[in-house]
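Asks: Fold the following for me, if possible:
(one chain, ligands or ions: 1)
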Amino acid sequence: MICPIESKADSPVIIALDFASPLEADPFLALWGGREKPFIKVGVQLFYAAGPVWVKELVEAGYSVFLDLKLHDIPHTVAGAVRSLTGLGVRLLTLHASGGRTMMEAAREAAEASSGPEPPRLLAVTQLTSTDDRMLNEELGISGSVRDSVLRLARLAHRSGIDGVVCSGEEAGWIKEQVSGEMLTVTPGIRLDGQERGDQKRVMTPEAAVHAGADLLVVGRPITRSADPVATYEAIVEQIKKGRGHRE
Ligand code: C5P
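Replies: Take a look at the predicted model:
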């Protein structure tokens with residue numbers, strides 16, 4: 001099932017605008033010209049450089065915005081951050097599931113109490129796609145596999161009333177089956193066949209990720225560093241249609 005969050009744009013691709021400032025991001029967005037505005041993700045680098053006013057302007061210009069700030073702090077502070085951010089009108093907002101149940105519930109309650117625009121849907125980050133079993137065990141001292149950790153944190157997020165998770169393509173299928181089919185699965189770590197992985201360790205092609213259970217795909221460098229970003233975006237949308245065909 002495709003989630004209603006994407007109903008505005010008929011594309012489940014979210015472009016990660018991982019640029020240093022609006023001076024780089026604005027000309028990139030202008031490449032879309034008169035085409036339908038893409039769903040975009042603003043992460044910490046750009047948010048810290050550009051600030052909330054710029055994000056609000058994007059929303060007012062008609063962009064669907066995923067604000068990927070990966071909130072993680074004590075419950076009171078995260079709830080306050082959510083209250084500050086709900087006025088921007090963004091569609092999706094991330095927080096770390098490892099902040100625990102009370103923190104996630106406080107964030108949800110703060111979003112629900114918003115009296116402004118429709119509050120963002122909250123997504124939990126379980127384990128970053130740059131994390132592998134060795135890093136989890138040896139560096140972070142967490143036993144078990146990335147898979148175990150992802151499932152445990154996704155269950156916790158679900159019980160805390162969080163709308164969805166950010167997860168690898170492979171994990172999207174497990175989460176749909178083992179946590180809840182209702183959890184929105186948002187998947188970064190997407191690479192076209194033969195492309196550089198960069199720092200991502202758990203990668204999939206767009207077609208394979210959707211086939212595996214991802215509802216929305218976050219794609220950064222494969223589009224932003226492409227010689228023709230609009231053509232690459234459109235090629236990814238085509239691949240997704242094929243992936244959905246296999247899933248249905
Ligand atoms: O350039 P690339 O396609 O690897 O970008 C992936 C985007 O998804 C980045 O903005 C990164 O911060 C984000 N992300 C991720 N892994 C997560 C959560 C978000 O790669 N678990």
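Asks: Going by C-alpha atoms from here, please, whenever you check contacts or count neighbours.
Replies: OK.
Asks: next one: phi and psi at the residue lying farthest from the centre of the chain?
Replies: Distance from the C-alpha centroid of the chain, by CA atoms, centre = their mean, peaks at residue 138 (26.8 Å). Per-residue torsions, residue 138: phi -80, psi -40 (degrees, to the nearest 10).
Asks: Compute the distance between it and residue 145, please.
Replies: 11 Å (CA to CA, to the nearest Å).
Asks: which regions of the chain lie under the pLDDT threshold?
Replies: The chain contains residues with pLDDT under 70 at 1-11, 194-195, 200-202, 243, 245-248.
Asks: 50 instead?
Replies: By pLDDT under 50, the weakly predicted segments of the chain are 1-4, 6-9.
Asks: Contacts for stretch 124-134, please.
Replies: Residues from elsewhere that reach stretch 124-134 (CA atoms under 8 Å, 6 or more residues apart in numbering): 70, 94-98, 144-146, 149-150, 153-154, 157, 162, 164-168, 188-189, 199-203.
Asks: Now do the end-to-end distance for stretch 80-100.
Replies: The first and last residues of stretch 80-100 sit 16 Å apart, counting by CA to CA.
Asks: residues making contact with it?
Replies: Contacts of stretch 80-100 with the rest of the structure, by CA under 8 Å, 6+ apart, involve 5, 52, 55-56, 59, 64-74, 104, 107, 110-111, 114, 116-126, 153-154, 156-157.
Asks: Kindly report the same for stretch 41-56.
Replies: Outside stretch 41-56, the residues that reach it (CA under 8 Å, 6+ apart) are 14-22, 65-69, 88-90, 218.
Asks: Quick one: the strands in the chain, in order.
Replies: Ranges of strands within the chain are 13-16, 39-43, 65-71, 92-96, 121-125, 164-166, 184-187, 216-219, based on DSSP state E.
Asks: And for the longest helix that the chain contains, what's in contact with it?
Replies: Once the chain is assigned using DSSP state H, the helix that runs over the most residues is helix 229-247. The list of residues contacting helix 229-247 from outside it, by CA under 8 Å, 6+ apart, reads 11-13, 31-32, 192, 206-213, 222-223, 226.
Asks: same thing but 6 Å
Replies: 206-207, 210-211, 223 (CA atoms under 6 Å, 6 or more residues apart in numbering).
Asks: try stretch 147-167
Replies: 97, 101, 104-105, 122-127, 179, 183-187.
Asks: Now stretch 199-216: buried residues?
Replies: Neighbour counts using 16 or more other CA atoms under 10 Å place 200, 202-216 of stretch 199-216 among the buried residues.
Asks: where does this structure come near the ligand, residue by residue?
Replies: Proximity of the chain to the ligand is assessed by CA under 6 Å from any ligand atom, with 16, 18, 43, 125, 127-129, 166-167, 188-190, 200, 218-221 identified as the residues in range.
Asks: Only whichever of those are buried, select them in PyMOL.
Replies: Applying 16+ other CA under 10 Å to these, the buried members can be selected in PyMOL as follows:
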select buried, resi 16+18+43+125+127+128+129+166+167+188+189+190+200+218+219+220+221
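Asks: Spell out, range by range, the helices that occur in this protein.
Replies: Across the chain, reading from the start of the chain, the helices by DSSP H fall at 22-30, 44-60, 75-86, 101-112, 133-134, 146-159, 169-178, 206-212, 221-224, 229-247.
Asks: for those helices, which one sits closest to residue 37?
Replies: Among these, helix 22-30 comes nearest to residue 37, with 8.3 Å by CA to CA.
Asks: so what does that closest one touch, helix or strand wise?
Replies: Secondary structure elements in contact with helix 22-30, counted by 3 or more CA pairs under 6 Å, 6 or more residues apart in numbering; DSSP states H and E, are absent; no helix or strand qualifies.
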